[in-house]
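Chemist: Sequence and predicted structure below; questions after.
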Amino acid sequence: MTVDIFTPESFSQAKPAPLDESMVADPKTRTAFNKLQKKLRRGVGQAIADYNMIEDGDKIMVCLSGGKDSYTMLDILLNLQMSAPIKFDIVAVNMDQKQPDFPEDVLPKYLTERGIPHYILEKDTYSIVKELTPEGKTYCAICSRLRRGSLYGFAQEIGATKVALGHHRDDIMATLFLNMFHGGKLKAMPPKLLSDDGKNILIRPLAYCEEKDIIEYARYKAFPIIPCNLCGSQENLQRAMLNTMLRDWGEKFPGRLESIFTAIQNVAPSQLADRELFDFVSLKTIHLEESDSPKDDKRLDVVNLMF
């Protein structure tokens, strides 16, 4: 039996989708774009392969907010879909939360012009968030719960087997420090997880991608970005401060962010202090029988050595 496996090597040789001639006329700029696109394709492909994010016959629901991350995720996944050794479907879903000044025509126009299957899910969660959030508090907790509940439920309605979220490597690290500094927990964002109700598998194809590359890619592609006027519009968010900290580290200490992300992938429970992850209580030494002890006639008996 032959099984097609989704590996980064399987599409690394495929020709990337060309950039529109009207966008980039300069050959050097075009070369830079192709190099960047290849890097992102490679990162997404590696993450998909490492965590078995996409399987043959999957229907991937891509959550499209109108921000740079979700646009890039959708674009790269569509690009990979053409060269992957397996067959999977992609459907984009945007949730119109009815916040003021939200340009309702931007995403439908973008998706329709490119022939991308999509749904626009209309849910007035904005009013609920504003009503339930005390003055001076952030919208994030309530907004995120309402959005997730609506999107995950809709994924089941349309028969989506995986829900793709646009969080990238820097988001994962920021969440790690957010939980460490303010939650007292050592946890981040997993590249793949099962929803709390066990009904949805969530994937983060951009898990290996750097935010700076995504920003540059979105600039090249001239995505019609829709600014967030909910969570992303609030000042002094802890996550925003952590993002600034990570950017400063990246500039001042080359390689530090890569090392931090590698650490997230190399956890040693016996070297931490969580009693649920490692059985410290039952630790015992190994006692060798005298007959099992290694013989070494040349060994110096320092215990009985007299001076």
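Modeler: All right, it came through fine.
Chemist: right, and the helix or strand after the longest helix seen in the chain?
Modeler: When the chain is parsed with DSSP state H, its longest helix is helix 27-51. Per DSSP states H and E, the first helix or strand lying C-terminal to helix 27-51 is strand 59-63.
Chemist: State the pLDDT value of K28.
Modeler: Per-residue pLDDT puts K28 at 87.
Chemist: any idea how far it is from L246?
Modeler: Distance, K28 to L246, using Cβ to Cβ, to the nearest Å: 30 Å. Placement of C-beta: from N, CA and C, glycine included.
Chemist: Between these two, point out the one with more neighbours.
Modeler: A direct count of neighbours by other Cβ atoms under 10 Å for K28 and L246 places L246 higher, at 20 against 8.
Chemist: Help me confirm that that one comes into contact with R256.
Modeler: No - using Cβ atoms under 8 Å, L246 is not in contact with R256; the gap is 9.0 Å.
Chemist: Show me where the stretch 51-200 of the chain has its strands.
Modeler: Along the stretch 51-200 of the chain, counting by DSSP state E, counting those that start in this stretch, strands occupy 59-63, 89-96, 118-122, 162-164, 192-194.
Chemist: Rebuild those as a markdown table, extending it with distance to T175.
Modeler: Converted to a markdown table, these look like this (distance: least, Cβ to Cβ, whole Å):
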| stretch | distance to T175 |
| --- | --- |
| strand 59-63 | 17 |
| strand 89-96 | 21 |
| strand 118-122 | 25 |
| strand 162-164 | 18 |
| strand 192-194 | 13 |
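Chemist: Out of the ones you listed, which is closest to V129?
Modeler: Nearest to V129, of all these, is strand 89-96, at 12.6 Å by Cβ to Cβ.
Chemist: so the closest one versus strand 118-122, what angle?
Modeler: 20 degrees (axes from the mean of the first three to the mean of the last three Cα atoms, to 10 degrees).
Chemist: what's strand 89-96 in contact with?
Modeler: With Cβ atoms under 8 Å, 6 or more residues apart in numbering as the test, strand 89-96 has contacts from 58-66, 74, 77-78, 81, 102, 104, 107, 111, 116-123, 125, 147, 150-151, 154-155, 158, 160.
Chemist: If any of those residues are buried, give me the ChimeraX selection for them.
Modeler: In ChimeraX syntax, the buried subset of the contacts of strand 89-96 is picked out as below (16 or more other Cβ atoms under 10 Å):
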select :58,60,61,62,63,64,65,66,74,77,81,102,107,111,116,118,119,121,123,125,147,150,151,154,155,160
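Chemist: right, and K59 touches E157 too?
Modeler: No - applying Cβ under 8 Å as the test, K59 and E157 come out as separate, 11.9 Å apart.
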